[in-house]
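Colleague: What shape does this take:
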Amino acid sequence: MTSPAPIVSLRYPAPSSLGTVAGVPRLSLVTSEARDFFTGAARAPRELATSILLIGQVARSRFHTPPGMLARILLEADPVVNVGNSHLRFEAFSACCGVYGRADVPNGALDGAWTSQGTTNVDLGAPMRAALVGVVDGQELGLAVGADHLTVRADGGEAVERQITLPRRWLRGFLESAAIQAGMTEGPMARGAQVVRFLRSLPRSATRGSVWVTSAAGTGLRVSATPSPGALRAGGLERLRLLERAASQAVSLQVWGDDSGCTAWRMALTHGGAITLLLGPEGWRGLSGEGRSLEHLERSPHQGFDLGEGRWFPRELPYGARTQAELQPRLQAAQELVAAVRLTATEAGFRAEVPGTGTVHHVVADADGVRCTCPWYAKHSGERGPCKHVLAAQWAADA
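Modeller: Residues are numbered from 1 along each chain as shown. Now for the predicted structure:
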């Protein structure tokens, strides 16, 4: 797999740290922007620490990446934090971009001042991860998110700048993951101890092909090799074991799915937080190439989707105001084809002739949907969004 060129470099003025201020432990999460986002305290320190560690683990995981790319990928393994609407949302993609993870920390789990809104990368290096492992409940934990209040230094040392790169697939992934979740259907749920039992039942090694997730009396969730009414198609469920770190703090685990085999798993936590993992249909299949955002052309990478709340939320990414068209080669290719489309209206919709490479492709829109004769459509059958010929024909029809 060829990695797209990086689009931005980020620099932290100091490492994140867990220190003490006036005798009170204080977690200082340093961001790549020189401004304050939140200053206060965590009401459930262990839940917060576990959530951050889990999202960091997502960023450092790879389920389908050539080993030769690992060293570079590990330098790109910092999550982002979205601050706004009285939430902290920590987000990351796995190195292969086949898993999206988000930890939601609501206002009810925090005490303090929300001084700014935005989304920025947060330093989560090895020293910070080691410190988070030791966080426990029952003591006060101060929390600062931002780059201005660097009063805490790990071991009292000087700040060390560290540069990372954000690959373009992360931006496409933000765009696709939200669109995928917006189109999902709610499935079954496990509660309490059922969550731990279900996660322990999952395979540890990589699997191929589809399985089906359904409900079972007394266990909450069950995986079957055969489909059944109400079951959700899924793949690569070994990736779901990322949630084991937080399983002891889980209240419930809810699954959503769609026809392609993408599944989203939302774990509600004891003190009101939640962790969501979105899995692509297969372990080797990256979310950035799903093409589902082409069904939501009015959306941008600067919007996310919260399954628990059933709504879109703003995400002011600090990587420039890139639009969906700039991130989707299919959109750009379709725009170049529109003028050459030959369109014929029918009672049920339209038929169109769209030029291809050395041939002409035929697009048909009727009561059964929209289809194309191109090889790409034959391979994916619309599961990975419309092809460029369908997009061009639809735009010509709407003109």
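
Colleague: the helices in the stretch 101-250 of the chain, which residues?
Modeller: Under the criterion DSSP state H, counting those that start in this stretch, the stretch 101-250 of the chain contains helices at 126-133, 168-182, 193-200.

Colleague: Switch those helices over to a markdown table; also include distance to residue 279.
Modeller: Placement of C-beta: from N, CA and C, glycine included. Formatted as a markdown table, the helices of the stretch 101-250 of the chain follow (distance: least, C-beta to C-beta, whole Å):
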| stretch | distance to residue 279 |
| --- | --- |
| helix 126-133 | 23 |
| helix 168-182 | 10 |
| helix 193-200 | 13 |
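
Colleague: nearest to residue 283, of those?
Modeller: Nearest of those to residue 283, taken as C-beta to C-beta: helix 168-182 at 15.6 Å.

Colleague: other SSEs contacting the closest one?
Modeller: strand 6-12, strand 87-93, strand 274-279, strand 303-306, helix 324-327 (3 or more C-beta pairs under 8 Å, 6 or more residues apart in numbering; DSSP states H and E).

Colleague: For that helix, the averaged confidence score.
Modeller: In this model, helix 168-182 has a mean pLDDT of 81.

Colleague: that older thread, deepest in the core, which of the helices of the stretch 101-250 of the chain is it.
Modeller: helix 168-182 (a mean of 25; mean count of other C-beta atoms under 10 Å).

Colleague: Show me how this structure divides into domains.
Modeller: 6-89+105-168, 171-308, 328-398 (automatic domain parsing).

Colleague: Distance check, residue 229 against residue 222.
Modeller: Residue 229 is 14 Å from residue 222, where distance means C-beta to C-beta, to the nearest Å.

Colleague: quick one, which of these two is more surrounded?
Modeller: residue 222 (18 against 5; other C-beta atoms under 10 Å).

Colleague: what about the more buried one, distance to residue 336?
Modeller: From residue 222 to residue 336 the distance is 48 Å (C-beta to C-beta).

Colleague: do the same with residue 94
Modeller: 33 Å.

Colleague: again, but for residue 176
Modeller: In terms of C-beta to C-beta, residue 176 sits 22 Å off from residue 336.

Colleague: now do residue 182
Modeller: For residue 182, the distance to residue 336 - C-beta to C-beta - is 28 Å.

Colleague: who are the neighbours in contact with the spatially closest residue to residue 47 that is not a sequence neighbour?
Modeller: Excluding the flanking residues, the one nearest residue 47 by C-beta to C-beta, 6 or more residues apart in numbering is residue 271, at 5.0 Å. With contacts defined as C-beta atoms under 8 Å, 6 or more residues apart in numbering, the neighbours of residue 271 are 43-44, 47, 108-109.

Colleague: Pop out the phi and psi values for residue 271.
Modeller: phi -100, psi 20 (degrees, to the nearest 10).

Colleague: Following the chain onward from the helix or strand that residue 25 is a member of, which element is next?
Modeller: Assigned by DSSP states H and E, residue 25 belongs to strand 24-29. Next helix or strand after strand 24-29 toward the C-terminus (DSSP H and E): strand 36-42.

Colleague: Parallel or antiparallel, list what pairs with that next one.
Modeller: Here strand 36-42 has these sheet partners by DSSP bridges: strand 110-114 (antiparallel), strand 141-146 (antiparallel).

Colleague: Report the buried residues of that strand.
Modeller: Neighbour counts over strand 36-42 (16 or more other C-beta atoms under 10 Å) mark 36-39, 41-42 as buried.

Colleague: Identify, from these, the entry nearest to residue 119.
Modeller: residue 37 (9.5 Å).

Colleague: list the contacts for that closest one?
Modeller: With C-beta under 8 Å, 6+ apart, residue 37 has these contacts: 31, 81, 83, 114-118, 120, 145-146.

Colleague: Out of the residues you listed, which end up buried?
Modeller: 31, 81, 83, 114, 116, 118, 120, 145-146.

Colleague: which element follows the one helix or strand in the chain whose mean pLDDT sits lowest toward the C-terminus?
Modeller: Lowest on mean pLDDT, DSSP states H and E among the helices and strands of the chain sits helix 70-74, with a mean of 49. Counting by DSSP H and E, the element after helix 70-74 in chain order, helix or strand, is strand 80-84.

Colleague: strand partners of that next one, parallel vs antiparallel please.
Modeller: Counting by DSSP bridges, strand 80-84 is paired with strand 87-93 (antiparallel), strand 118-121 (antiparallel).

Colleague: Confidence-wise, which of those is weakest overall?
Modeller: strand 118-121 (a mean of 81).

Colleague: how far out from the middle of the chain is that strand?
Modeller: Between the centre of strand 118-121 and the centre of its chain there are 15 Å (C-alpha atoms, centre = their mean, to the nearest Å).

Colleague: so who does residue 110 touch?
Modeller: 38, 40-43, 88, 143 are the contacts of residue 110 under C-beta under 8 Å, 6+ apart.
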